[in-house]
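Participant: following is a predicted model, sequence given first.
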Amino acid sequence: MRLIVVLVLVSAIVCMADDWTSFRGPARDGTSAESSRFEDGAWPPGEPVWTAQVGEGGSTPIVIAGRVYTLGRHDGRDFFECRDLATGGLVWAQSYSAPEYGRFHAGDEGQYRGPSATPEFDPQTRLVYTLSIDGDLNCWDLAQEGAFVWTVNLYEAFGAGQRPDVTGGARDYGYTCAPLVLGDALIVEAGSPQGTLIALDKRTGERLWASQCTDEAGHTGSMVPLTVEGVPCVAVLTLRGLLVTRVDEGHEGETLATFPWATQCANSIAGPAVSGDSVILTSGLSQSRTARVRLSLAGAEAAWVTRSIYSRVGTPIISDGRVYLPWQKLRCLDWETGEQLWEGGRFGDDASMILTADDRLIVLGAKTLALCETAERSPGAYTELARREGVGSAQLWPHVVLADGRILCRDRAGNLACFVLE
C-alpha cells in the first residue's frame, strides 16, 4: 500500500472528556456529556466557522484532543485526514488507492460511494483504525502524525463473498460497520465463512478469534458492546438478524443469542441500540417495525413490537424510559410498552441525532440542523426549540458530531461544516 503524508503541524494526542472517539460517540449510544448551550443563546447556530472538502463517503468524523479525523475518497484514493478543530486547517493526511465501491457491490450505487465505516480510536495506544468500503482495515499512529502501522483486507484475509438476496433483491454496499476496540482486541464485522465477527490484535492485526456465527455482514454503522447477566458481549445486526456474541475470556466468539431480522433488499441500516438487558431494533421496508428484544443467558425474546413506527436509517437513542427514532419525523416511544408518546418535525431519510447533557436532542437530517426537547422536558408533545436550514448539499449519511462546543455536519459528497455553539 503506497502512502502519502502531508505534514503541517505536530501535536500531542491526549484524549479529553469532550472528545467524540467512535461512531455515535465514546459509548456508541448517541449521548454527549456536553450541554446544548440553548440557555446561553447558542441556537440557532450562525454560519459555519469553517468548511472543508474531505472526499466522498458516509464515514462520520471523530474528534480527539482538538483535532478532527475524517475518511473520504477522491481522485481514486481514500484519504485519512487530520484537521484542526478550531480552524479546519489541514494538519496531515494519509492516502491509499481505493475503488469507489466494494468489489461485490450490487444495487443503489447512486446513493453511496467511498468509505462508509467510521474510524475507531484507542486511547491506550493512540492508534486509529479505518475501514474502506472494499475491506481495507488500516491502523494509523496518531502520535506519529498518522504513520501507517498495519493493514488487513477483510475480503482477502477471511474470504467474504457477495451478500445474497435475503428478500426483495440483492444489495451489497461493501463494508460499512465501524471497528470496535475491546481490551487488546479490535473486532470487525467481516461477514465471512470464518466468522461474522473477527477479533484481531489491535497492535499487530493478527487474528485472535472468530465468532461461531458465520452470517454475512449487515449494512449498519456499528456493533455495540453490552453485558448480559454479567457476561460481556457484542451485539451486531447481521444480514439475517441480531447476533449477540460473547467476548469473555474462554468463551470468545460463542453465540449467546440470535433474533431473526432480515429486511427487504438488505436495508437494515439503523444499528442496534442497547440499554440494560435489552436491544432496540428498528427497520423499514419489509420489517416496518420497532422491537425491544430482551436478552438473557437463555437467549432472546421480544418484549414488545410496535408496527408502522420505525426508523429506516438513524439508530435510536434510549434515555429515561423513552426511545427516540429519527426518520422523516422525530418519534418518542415508551421504553416499557413501545407506545408512541409523540412525533413531529421534518428530517427526511438521512436523520441522525445526539442526546445532550441538558436533556435535549440535536437532530440532523434533510439539510436541517435542529434542537428539540426530549420527553423529559416535554412529555406530552414534540417541541422544537430552533432549526437551521441549508446544511450540506447531499444526503447526510454521516452522523452529526458534538465535541468541545462545536457541531460537525458532513454530507456524503464530502462537504464538512463546523458550527460553534456560542
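Facilitator: Nice, I can see it. Residues are numbered from 1 along each chain as shown.

Participant: and stretch 198-210, what's buried?
Facilitator: Applying a neighbour-count criterion of 16 or more other Cβ atoms under 10 Å, the buried positions in stretch 198-210 are 198, 199, 200, 202, 205, 208, 209, 210. C-beta coordinates here come from the backbone N, C-alpha and C atoms, glycine included.

Participant: repeat that for stretch 227-242.
Facilitator: In terms of neighbour count (16+ other Cβ under 10 Å), stretch 227-242 has its buried residues at 228, 231-242.

Participant: from those, pick the one nearest residue 327.
Facilitator: Top of the list for closeness to residue 327, among these and by Cβ to Cβ, is residue 237 at 15.8 Å.

Participant: correct me if wrong: that closest one contacts residue 220.
Facilitator: Yes: with contact defined as Cβ atoms under 8 Å, residue 237 and residue 220 form a contacting pair (5.0 Å).

Participant: who touches both of the two?
Facilitator: Shared between the contact lists of residue 237 and residue 220 (criterion: Cβ atoms under 8 Å, 6 or more residues apart in numbering) are residues 268, 271, 272.

Participant: with respect to residue 136, which of those residues is nearest?
Facilitator: residue 271 (21.7 Å).

Participant: any idea whether the closest one is helix, strand or coil?
Facilitator: coil (DSSP: H, G, I helix; E, B strand; the rest coil).

Participant: what's around it, how many residues?
Facilitator: Residues near residue 271, counting by other Cβ atoms under 10 Å, number 29.

Participant: one more: residue 144?
Facilitator: For residue 144, the neighbour count with other Cβ under 10 Å is 13.

Participant: quick check: phi and psi on it?
Facilitator: Backbone torsions of residue 144, given as degrees, to the nearest 10, read phi -120, psi 40.

Participant: ditto for residue 266
Facilitator: In terms of degrees, to the nearest 10, the main-chain angles of residue 266 are phi 60, psi 40.

Participant: just name the shakiest helix or strand of this protein by mean pLDDT.
Facilitator: Counting by mean pLDDT, DSSP states H and E, the weakest-scoring helix or strand in the chain turns out to be strand 6-7, with a mean of 34.

Participant: who touches the next helix or strand after it?
Facilitator: Scanning the chain past strand 6-7 towards its C-terminal end, the next helix or strand to appear is strand 50-53 (assignment: DSSP states H and E). Contacting residues not belonging to strand 50-53 are listed as 74, 83, 87, 88, 90, 414, 415, 416, 417, 418 [Cβ under 8 Å, 6+ apart].

Participant: same thing but at 6 Å, please
Facilitator: The list of residues contacting strand 50-53 from outside it, by Cβ atoms under 6 Å, 6 or more residues apart in numbering, reads 88, 414, 416, 417, 418.

Participant: quick one, which of the residues you listed are buried?
Facilitator: Among the contacts of strand 50-53, those scoring as buried are 88, 414, 416, 417, 418 (criterion: 16+ other Cβ under 10 Å).
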